[in-house]
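Student: Sequence and predicted model, in that order:
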Amino acid sequence: MTFSSNRNLIRWIIIFSSFIIVSLILWNTYVFFQNFKAEERNKMKNWSAAQKEVSLTGDLDDDFSELALEIISSNKTTPMINVRTDGSMAWRNINEEKAQDSLYLLDLIKKFEKENLPIEIRYKNKVLSTLYYGNSPLLNKLKYYPLALLLIILLFAAVVYFFYKSTKTAEQNKLWTGMAKETAHQIGTPLSSLVGWAEILKTENVNPEYIAEIEKDIDRLQTITDRFSKIGSAPTLETLDLVEVTKSSYEYLKSRSSKLINFEIEHPDTEIPVKLNAQLYSWTIENLVKNAIDAMKGKGDLKLNISQTEKQVFVNITDTGKGIPKQVFSKIFEPGYTTKKRGWGLGLSLAKRIIEDYHNGKIKVVESEIDKGTTIQITLKTI
């Protein structure tokens, strides 16, 4: 049996044991509540018997009457209303001011009937009065104890769950950060060689246009290397023109994408200053554009629109691809979520982290319709 299987078995044993313990606590609480309730009913029966004794004898010097009076006066917690056959009422342990209202007493009688079965005070098969009583404050507290216990357990479980989840997320982030930095390191070696070969080609009468294209791709690899090396580190933000940075990334992808895609861009003629890390922001634009191209299977219309308000700028990327079901609008930004057979599900999660964690912006699916297309929006604060 593997370590993972052992860990899962232990986890299920802990969960099952916790369930058994909680069930036993709740069951014992319920039994205790019922026993306490039965004990309280016995006390009320004794009280009703004492009340009958006092009502019949009326002799306060009688030993039995004194005992009955002591029983009656000893009950200082259980609320009760004694309704006589003539309709008159006597009460104990009820707010005196409220008790002056007969409607209030009638409402209490209905409430007491639901809580406990009324006790008839009889003498020679004749009903003298009917005793209605409610639960004592202690019994009411005990009644809500299981709910309080469940709430505490749920809160504790939530704390454990979020601690486990945050620990797991931290471990994953550490792993991805290490992989990203190692990738940057591995790319760096052949990249340095490519730079040297490009310089050699300049002396070999090679078509300058070819060398220019090679240098563009070398610059691109250097940018990618720099991006990966920055993962896990706090990026430096500069005041940049969002229009220019967006156009540059968009045009680069346009020149290297299928001619069957109709690229379109709309933007204001003026600069839009925003606090940006150009490399990470460009990475986001590229991820969104590449996802849009994949959704269209390399053929369709791709439109990027930049608009602004007084305090915000919006970058909308719209495609005519397969669309996204509404129930997964937010899920597509989670790490590992992908609809591609060979996808890692990291592109959009990285985009979300770059925009929201590093640039204090927002990224979301504005609208999407199956087989018609999707619009994803980036929102950033202007300066």
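Tutor: Perfect, I can see it now. Numbers count the residues shown, from 1 in each chain.
Student: going on from the strand or helix carrying S368, what's the next piece of helix or strand?
Tutor: Secondary-structure assignment from DSSP states H and E places S368 in strand 362-369. Heading C-terminal from strand 362-369, the first helix or strand you meet, by DSSP H and E, is strand 373-381.
Student: can you list contacts of that next one?
Tutor: Contacts to strand 373-381, defined as Cβ atoms under 8 Å, 6 or more residues apart in numbering, come from residues 242, 274-276, 284, 288, 292, 295, 300, 311-321, 323-324, 355, 359-368. Quick note: C-beta positions are derived from backbone N, CA and C, even for glycine.
Student: Buried among these? Need that as a selection in ChimeraX.
Tutor: Burial among the contacts of strand 373-381 is assessed by 16 or more other Cβ atoms under 10 Å; the matching ChimeraX selection reads:
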select :242,274,275,276,284,288,292,295,300,313,315,316,317,318,319,320,321,323,324,355,359,361,363,364,365,367,368
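Student: mind listing which of the contacts of strand 373-381 are in helices?
Tutor: L242, T284, L288, A292, A295 (DSSP state H).
Student: Might you report the residue contacts of the second one?
Tutor: T284 sits next to L350, A351, I354, I355, I363, I378 when contact means Cβ under 8 Å, 6+ apart.
Student: neighbours around the closest residue in space to it that isn't next to it in sequence, how many?
Tutor: If the residues on either side of it in the chain are set aside, T284 comes closest to A351, at 4.4 Å by Cβ to Cβ, 6 or more residues apart in numbering. By the other Cβ atoms under 10 Å criterion, the neighbourhood of A351 contains 23 residues.
Student: what's the average pLDDT for the helix or strand harbouring A351?
Tutor: Secondary structure here is read from DSSP H and E; on that basis A351 sits in helix 347-352. Taken as a whole, helix 347-352 carries a mean pLDDT of 84.
Student: ok, what's across the strand from I317?
Tutor: L304, I376 (DSSP bridges).
Student: How confident was the prediction at it?
Tutor: With respect to pLDDT, I317 has a value of 95.
Student: who's in contact with it?
Tutor: I317 sits next to I285, L288, V289, A292, L302, K303, L304, T375, I376, Q377, I378 when contact means Cβ under 8 Å, 6+ apart.
Student: How are the strands of the stretch 201-350 of the chain distributed by residue range?
Tutor: Applying DSSP state E, counting those that start in this stretch to the stretch 201-350 of the chain gives strands spanning 238-241, 261-266, 273-276, 300-308, 312-319.
Student: Which one, of these, ends up nearest to Y210?
Tutor: Between Y210 and the strands of the stretch 201-350 of the chain, the tightest spacing by Cβ to Cβ is seen for strand 261-266, at 24.6 Å.
Student: Would you indicate which residues of the closest one are buried?
Tutor: Using 16+ other Cβ under 10 Å, the residues of strand 261-266 that count as buried are I261, F263.
Student: And stretch 41-53, by the same measure?
Tutor: Quick answer for stretch 41-53 (16+ other Cβ under 10 Å): K43, M44, W47, S48, A50, Q51, K52, E53.
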